[in-house]
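Trainee: Generate coordinates for the sequence data below:
(chains A, B, C and D)
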2 protein chains.
Amino acid sequence: MSVPKDEGQGNGAAPRWRRRKDARPDEIVEAALEVFARRGFAAARLEDVAARAGISKGTLYLYFPNKEELFKAAVRTAIVPGIAAGERLAADPATPSLEVLRSIVGGIAARMMTSPAGVIPKLMIAEAGNFPELARFYFDEVIRRGFALLSSVLEHGIARGEFRPVPVAATVRLVIAPVLLMAVWRTSFEAVEGKPQDVDGIVAAHLDAMGRSLAPDGAERRPASGGAARTRAGGDPP
Amino acid sequence: MSVPKDEGQGNGAAPRWRRRKDARPDEIVEAALEVFARRGFAAARLEDVAARAGISKGTLYLYFPNKEELFKAAVRTAIVPGIAAGERLAADPATPSLEVLRSIVGGIAARMMTSPAGVIPKLMIAEAGNFPELARFYFDEVIRRGFALLSSVLEHGIARGEFRPVPVAATVRLVIAPVLLMAVWRTSFEAVEGKPQDVDGIVAAHLDAMGRSLAPDGAERRPASGGAARTRAGGDPP
DNA sequence: TGTTAATAACTGACTGGTCAGTTATAAAAG
DNA sequence: CTTTTATAACTGACCAGTCAGTTATTAACA
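Mentor: As a prediction, the model looks like this:
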């Protein structure tokens, strides 16, 4: 009933939308990452995600069955390449273990502070309790792999006598904790404090402390890092 | 309109409620802490808080003007005594700085893993972005004080030659990061992993690493802790 | 080459459910 | 019989997920 109003684009060209089946998923994931980053999982509005991706909410559901799957896709896109990069670094047997550890920590820190991926840890911490399935997903796909990577570097270093025999599982947490704290701080309190955190200073202090506390008991002090084994690592800002 | 139905407690004794103006606030705060702990700030339902405190939702608003103020009250109750305890520990000039640091870190770790206060950091990390006023409150009342406390211990130790001259602001973060990670892990992923984290092992590894990385450059290795200056500290479980 | 039929892509109004905060009412206390 | 303390029903706002209908694109046919 009622007149089918045909007004709209009547005169010109520009269609109201275009069919873009192939390009959509990536665009949606990118938009989702931004919105999830800003608001968290529960508080993110799918209408915002859709708007940012230039589509309507309904269209979103043509590509992802629900909010949770969209979130998983966003996490995978943001995190997996980073872990893979770390695994590549660790694979070179010629690099001293301490250098590998430094490259990995530095690389993670760089990613955390620049890419959108940096918000993921905060996000998972925030929502793990209320969304156990997401927690399990993140635990399986990110945490387990990351811990395995760092554990293997530590074990390797101990076996070669480059590190003193530390308790590996505990030490992995000590290694990663400051980096996570920086990432979390960035999204939670940096704005409140008003000044940016001294990322380079913190990373440097952490690498220094790691070197000292991992050094075998009889070792003389070894220079901070030299220019020797500096392979391609995270990033080297001017 | 319609009949004012007067049925109800007609016959028996037991009054529907009793006047308890004085006892209420604490009971409500305690209930609130539990609910906030389980669900976070945004997802916590005030109806649950009321139910747990044995009152109705409306009654809650007789004691607290809104959700945010209730949350602040809960945080104050849970956190402030802990910081005060740390400040007392640091006030004794006879205790070696490393011992003070160890006591504080051990004390915080013990609190984090046993009391309901342990959920607060996760909570604030989760909600700071969406509730800036809460973030500011927490930053001012907790973070600033805690950082000041640890900074003073480090500076004191450096001045007395007990620590090498580390960058203080960065080192404070390194000191606190593993403890926060433990607290966050407890509420976010412990259930997912299925096994409890090795708190004692992690704390021990951290204290050990701290001792090594803070030691003045020329110092010989000093024994882990001795029995010397062990004042009243956090807790000593069997 | 132009016309039309078929369909895949897309839209946005709607539903059902949740929850912070309000208020009319009434029981206890004094 | 007035004041204080409490209740429970109510309001208004929000949002994930659905679906009936609309539009761009493609294929078939003339």
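Trainee: Run through the neighbouring helices and strands of the helix or strand residue A:154 falls within.
Mentor: Secondary structure assigned from DSSP states H and E places residue A:154 in helix A:144-159. Judged by 3 or more C-beta pairs under 8 Å, 6 or more residues apart in numbering or on different chains; DSSP states H and E, helix A:144-159 is in contact with helix A:67-90, helix A:97-114, helix A:168-188. Placement of C-beta: from N, CA and C, glycine included.
Trainee: Helix, strand, or coil at the residue in chain A positioned nearest to DNA strand C?
Mentor: Residue nearest to DNA strand C within chain A: residue A:58 (1.9 Å; C-beta to the nearest atom of the strand). Here residue A:58 is recorded as helix under DSSP: H, G, I helix; E, B strand; the rest coil.
Trainee: Spit out the contact partners of residue A:44.
Mentor: A:32, A:35, A:36, A:38, A:67 (C-beta atoms under 8 Å, 6 or more residues apart in numbering or on different chains).
Trainee: Would you check that the first one makes contact with residue A:72?
Mentor: What it means is residue A:32. No - under the criterion of C-beta atoms under 8 Å, residue A:32 is not in contact with residue A:72, lying 10.2 Å apart.
Trainee: Among the two, which residue is more densely surrounded?
Mentor: residue A:32 (26 against 16; other C-beta atoms under 10 Å in any protein chain shown).
Trainee: per-residue confidence at that one?
Mentor: Note for residue A:32: predicted pLDDT of 94.
Trainee: Of the contacts of residue A:44, just the buried ones, ChimeraX syntax please.
Mentor: ChimeraX command restricting the contacts of residue A:44 to the buried ones, with burial defined by 16 or more other C-beta atoms under 10 Å in any protein chain shown:
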select /A:32,35,36,67
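Trainee: and of the contacts of residue A:44, the nearest to DNA strand D?
Mentor: Among the contacts of residue A:44, residue A:67 lies closest to DNA strand D (C-beta to the nearest atom of the strand), at 3.5 Å.
Trainee: Roughly how far does residue A:65 sit from residue A:73?
Mentor: 11 Å (C-beta to C-beta, to the nearest Å).
Trainee: Let me see the contact set for the closest residue to residue A:59 other than its chain neighbours.
Mentor: Closest residue to residue A:59 apart from its sequence neighbours, by C-beta to C-beta, 6 or more residues apart in numbering or on different chains: residue A:50 at 6.7 Å. By C-beta under 8 Å, 6+ apart, residue A:50 lies in contact with A:28, A:31, A:56, A:57, A:59, A:60.
Trainee: Quick check on these: which are buried?
Mentor: When these are checked for burial by 16+ other C-beta under 10 Å, the buried set is A:28, A:31, A:60.
Trainee: Also within reach of DNA strand C: list those from these.
Mentor: Restricting the buried ones among the contacts of residue A:50 to those within reach of DNA strand C (C-beta under 7 Å from any atom of the strand) leaves nothing.
Trainee: Surely residue A:122 and residue A:181 touch.
Mentor: No - Residue A:122 is beyond contact range of residue A:181, at 10.5 Å (criterion: C-beta under 8 Å).
Trainee: Next one: the residue nearest to residue A:59 from residue A:62, what distance?
Mentor: Applying C-beta to C-beta to residue A:50 and residue A:62 gives a distance of 11 Å.
Trainee: With residue A:198 instead?
Mentor: Per C-beta to C-beta, residue A:198 is found 46 Å from residue A:62.
Trainee: Residue A:119 and residue A:187 touch, don't they?
Mentor: Yes - counting by C-beta under 8 Å, residue A:119 sits close enough to residue A:187 to count as a contact (5.2 Å).
Trainee: Find the residues that touch each one of those two.
Mentor: In contact with both residue A:119 and residue A:187: residue A:37, using C-beta under 8 Å, 6+ apart.
Trainee: what about the closest residue to residue A:156 other than its chain neighbours, how many neighbours?
Mentor: Distances taken as C-beta to C-beta, 6+ apart place residue A:97 nearest to residue A:156, at 5.7 Å, with adjacent residues excluded. A total of 22 residues lie near residue A:97 under the criterion other C-beta under 10 Å.
Trainee: Mind pulling up the pLDDT for residue A:97?
Mentor: 96.
Trainee: what's near enough to touch it?
Mentor: Shown here is residue A:97, whose contacts under the criterion C-beta under 8 Å, 6+ apart are A:153, A:154, A:156, A:157, A:160, A:162, A:163.
Trainee: And the pLDDT at the third one?
Mentor: We note a pLDDT of 95 for residue A:156 in this prediction.
Trainee: Could you measure from residue A:215 over to chain B?
Mentor: For residue A:215, the distance to chain B equals 8 Å [C-beta to the nearest C-beta, to the nearest Å].
Trainee: Now that that residue has come up, it's in contact with residue A:166, right?
Mentor: No - if you go by C-beta under 8 Å, residue A:215 and residue A:166 don't touch, sitting 10.6 Å apart.
Trainee: Residue A:70 and DNA strand D: what is the separation?
Mentor: 8 Å (C-beta to the nearest atom of the strand, to the nearest Å).
Trainee: number of nearby residues for that residue?
Mentor: With other C-beta under 10 Å as criterion, residue A:70 counts 26.
Trainee: how about it, what does it touch?
Mentor: Counting by C-beta under 8 Å, 6+ apart, residue A:70 touches A:28, A:29, A:32, A:46, A:49, A:60, A:64.
Trainee: Next, count neighbours for residue A:90.
Mentor: 19.
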